[in-house]
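Trainee: build me a model:
(one chain, ligands or ions: 1)
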Amino acid sequence: MSSQIIPVEPFDYVVFGGNGDLAERKLLPALYHRDRDGQLPADARIIGASRTFFSDETYRSFARGAIKAHVRQEDIEPQALDRFLARLHYREIDARSEQGWDELKTFLDEAPDRIRAFYLAVGPGLFGDLACRISEHGLSNPKTRLVVEKPVGRDLASARELNDTIGRHFSEDQVFRIDHYLGKETVQNLMALRFANALYEPVWNSTHIDHVQITVAESVGLEGRAGYYDQAGALRDMVQNHIVQLMCLVALEPPSAMNADALRDEKLKVLRALRPIDESNVEQLTVRGQYKAGASAGGAVKGYLDDLGEADSDTETFVAIKAEIGNWRWAGVPFYLRTGKRLSERMSEIVVTFRPIPHSIFDRTAGNVVQNQLVLRLQPNEGVRQWLMIKDPGPGGMRLRHVPLDMSFAESFRVRNPDAYERLLMDVIRGNQTLFMRRDEVEAAWEWVDPILKAWEAKGVKPQGYTAGTWGPSSGVALIERDGRTWHEPD
Ligand code: BG6
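Mentor: Okay, the predicted model is just below:
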């Protein structure tokens, strides 16, 4: 079974930070895949831009290395790779001076009518400068899109300021604030599951759902991003965007259509209904952690401070939160959220636990009736499992068994699972903003996160140490166990 490939219109994709980490690991491999699958028109161009001096040829060999390192061997087809590399160009450019802008304009003006996408794969400090210069140097045409990576701001005030700066030069329908979690297959499947089946929606509420867990666990540490990460921490890096977005998709009301504004309007309502966490409840509802030396992937690893090369830092590398959504559908249903670096394994999932049956007709010999759970596994081994109770087959007495109805994507569909960026990069060209964050959403997420940051500071809540390779500090476990529940054990 193969998915349908719909070619996109001709475009020029300018990637600022074209020789950076994101371009190397994600953007170039994603564009290669789309090209290999026949989605890019013959004359589409990809232009890497940064301050480094590179010729087109050096950039092509950089890209060749990126693809060899980050694309599975069986997906590298020499002819497709050569065709892809021939699309690549490079322009040396400085976000903070006039250098290189006229040359880039001349190059883009060779094809004045095509779609122009500018991808800001740079540090957040340059987003505003680049947006201004793209516009002031006349690089923008009516078909321009601006792709903004995270983080959009480091708090509400700075997010507003950045959005204002961008808004002075680009209209909201040109701005694509990317959250790559929204492009993950399972996340989109959550929409299909909820809204393309009659089964779930009637029970998708506090009458039938006991609680929801969202875990985004990473086994990696800082990966050379110490400078950024120590300023951010897990709450800003993962919760304000990825995890909050996942929570919105679980919780939103059915939108009238799967289009950008309908979906984003509903997400916004969830964000606005989040119960505030502030000085009055931050210690009961949140946990901060920081990893210490331990073992990960079988080897000894350093603690956060050693990775950072500093004697001291209060940045959290783990956070757990008990969130609540104050509306009719969700009142009283906790959403337990957790994320961390250097945890036991790389594992992201959404677990929806249904309420216990009201009365059991089975006697004790049948065994326990376990609550139904829907497990949406984002990574690795993407898939959906609905856990149910059935009768253990065979003669003899009635014995109950807890089994999963399994929909493992890799097994069921036998297709390569595309990386989130493949889909999102093409959505930009198509002008489809459904999986991108609107300005008001980003600001509403900060409105919830800001008071948590302030309350941690005001209350002096320091991160608690946890050994690398575990599931975080014991208080992260206590957060859910206090309520008589446990974190879902990965299968
Ligand atoms: C990024 C964060 O947005 O997401 C990183 O900045 C994190 O710290 C990454 O490692 C995780 O993405 P994924 O797709 O590997 O789960």
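Trainee: which is the next helix or strand following the top helix by length along the chain?
Mentor: Scanning the chain for the helix with the most residues, using DSSP state H, yields helix 439-459. As assigned by DSSP states H and E, the chain's next helix or strand after helix 439-459 is strand 464-467.
Trainee: OK, now which residue of the protein is nearest to the ligand?
Mentor: Using CB to the nearest ligand atom, the closest approach of the chain to the ligand is made by residue 237 at 4.8 Å. In short, each C-beta sits where N, CA and C put it, glycine included.
Trainee: can you tell me the SS state at that residue?
Mentor: Secondary structure, DSSP: H, G, I helix; E, B strand; the rest coil: residue 237 is helix.
Trainee: burial count for residue 430?
Mentor: 12 (other CB atoms under 10 Å).
Trainee: wait, residue 30
Mentor: By other CB under 10 Å, 24 other residues sit near residue 30.
Trainee: residue 378 falls within a strand, correct?
Mentor: Yes: assessed by three-state DSSP, residue 378 belongs to a strand.
Trainee: wait, residue 169 touches residue 130, no?
Mentor: No: counting by CB atoms under 8 Å, residue 169 stays clear of residue 130, with 10.0 Å between them.
Trainee: please identify which helix or strand holds residue 22.
Mentor: Here residue 22 is assigned to helix 21-22, by DSSP H and E.
Trainee: run through who's touching that helix.
Mentor: When contacts are defined by CB atoms under 8 Å, 6 or more residues apart in numbering, helix 21-22 is touched by residues 121, 149, 224, 225.
Trainee: contacting residues around the first one?
Mentor: Each residue near residue 121 by CB under 8 Å, 6+ apart is listed here: 15, 16, 17, 18, 20, 22, 23, 27, 149.
Trainee: in those residues, find the pair that's most separated.
Mentor: 18 and 149 (13.1 Å; CB to CB).
Trainee: more crowded one of these two?
Mentor: The neighbour comparison of residue 18 against residue 149 (other CB under 10 Å) goes to residue 18, with 30 against 20.
Trainee: now the more buried one: which helix or strand?
Mentor: Applying DSSP H and E, one finds residue 18 in no helix or strand.
Trainee: shouldn't it be in contact with residue 90?
Mentor: Yes: using CB under 8 Å, residue 18 makes contact with residue 90 at a distance of 6.7 Å.
Trainee: which residues are in contact with each of these two?
Mentor: Residues touching both residue 18 and residue 90 (CB under 8 Å, 6+ apart) are 47, 48, 49, 59.
Trainee: can you tell me which of these end up in helices?
Mentor: Counting by DSSP H, the shared contacts of residue 18 and residue 90 place residue 59 in helices.
Trainee: can I get the shared contacts of residue 18 and residue 90 in JSON lines with neighbour count and distance to residue 296?
Mentor: Below are the shared contacts of residue 18 and residue 90 laid out as JSON lines (neighbours: other CB atoms under 10 Å; distance: CB to CB, whole Å):
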{"residue": "47", "neighbour count": "23", "distance to residue 296": "38"}
{"residue": "48", "neighbour count": "30", "distance to residue 296": "33"}
{"residue": "49", "neighbour count": "28", "distance to residue 296": "36"}
{"residue": "59", "neighbour count": "24", "distance to residue 296": "34"}
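Trainee: which residue is nearest the middle of the protein?
Mentor: Nearest to the mean C-alpha position of the chain, by CA atoms, centre = their mean, lies residue 181 at 2.5 Å.
Trainee: what's near enough to touch the nearest residue to it once chain neighbours are set aside?
Mentor: Among residues not flanking residue 181 along the chain, residue 242 sits closest, at 4.1 Å (CB to CB, 6 or more residues apart in numbering). Residue 242 makes contact with 179, 180, 181, 216, 339 under the criterion CB under 8 Å, 6+ apart.
Trainee: list the contacts of the third one.
Mentor: Going back to what we said before, that points to residue 181. 187, 241, 242, 245, 246, 378, 420.
Trainee: apply 10 Å and report the result again.
Mentor: Contacts were defined as CB atoms under 10 Å, 6 or more residues apart in numbering; by that measure residue 181 touches 187, 216, 238, 241-246, 249, 348, 378, 420, 435.
Trainee: out of these, grab the one that's most surrounded.
Mentor: Most surrounded of the contacts of residue 181: other CB under 10 Å gives residue 244, at 29 neighbours.
Trainee: which residues sit in contact with that one?
Mentor: 179, 181, 214, 238, 267, 270-271, 274, 321, 323, 335, 337, 437, 441-442, 444-446, 448-449.
Trainee: give me the buried entries from the residues you listed.
Mentor: Buried members of the contacts of residue 244, scored by 16 or more other CB atoms under 10 Å, are 179, 181, 214, 238, 267, 270-271, 274, 321, 323, 335, 337, 437, 441-442, 444-446, 448-449.
Trainee: for the contacts of residue 242, give me CSV that also has pLDDT, distance to the ligand and secondary structure.
Mentor: As requested, the contacts of residue 242 are exported to CSV (pLDDT from 0 to 100; distance: CB to the nearest ligand atom, whole Å; DSSP: H, G, I helix; E, B strand; the rest coil):
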residue, pLDDT, distance to the ligand, secondary structure
179, 96, 8, coil
180, 96, 6, helix
181, 96, 7, helix
216, 98, 6, strand
339, 98, 9, strand
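Trainee: how about the residues of this structure by the ligand?
Mentor: Neighbours of the ligand within the chain, by CB under 6 Å from any ligand atom: 150, 180, 218, 237.
Trainee: top of the residues you listed by neighbour count?
Mentor: Compared across the residues of the chain next to the ligand, residue 237 has the highest neighbour count, 22 neighbours, by other CB under 10 Å.
Trainee: quick one: distance of stretch 136-145 to the chain centre.
Mentor: A distance of 28 Å separates the centroid of the chain from that of stretch 136-145, by CA atoms, centre = their mean, to the nearest Å.
Trainee: could I have the CA atoms of it written out in CSV?
Mentor: Taking Å, rounded to 0.1, in the frame of the first residue of the first chain, the C-alpha atoms of stretch 136-145 are listed here in CSV:
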residue,chain,number,x,y,z
GLU,A,136,13.0,45.5,3.8
HIS,A,137,15.2,44.1,1.1
GLY,A,138,12.1,43.4,-1.0
LEU,A,139,12.6,39.7,-1.0
SER,A,140,9.0,39.0,-0.2
ASN,A,141,6.5,38.5,-3.0
PRO,A,142,2.7,37.8,-2.8
LYS,A,143,3.4,34.1,-2.5
THR,A,144,5.9,34.4,0.4
ARG,A,145,5.7,32.2,3.5
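Trainee: now it: buried residues?
Mentor: In terms of neighbour count (16+ other CB under 10 Å), stretch 136-145 has its buried residues at 139, 140, 143, 144, 145.
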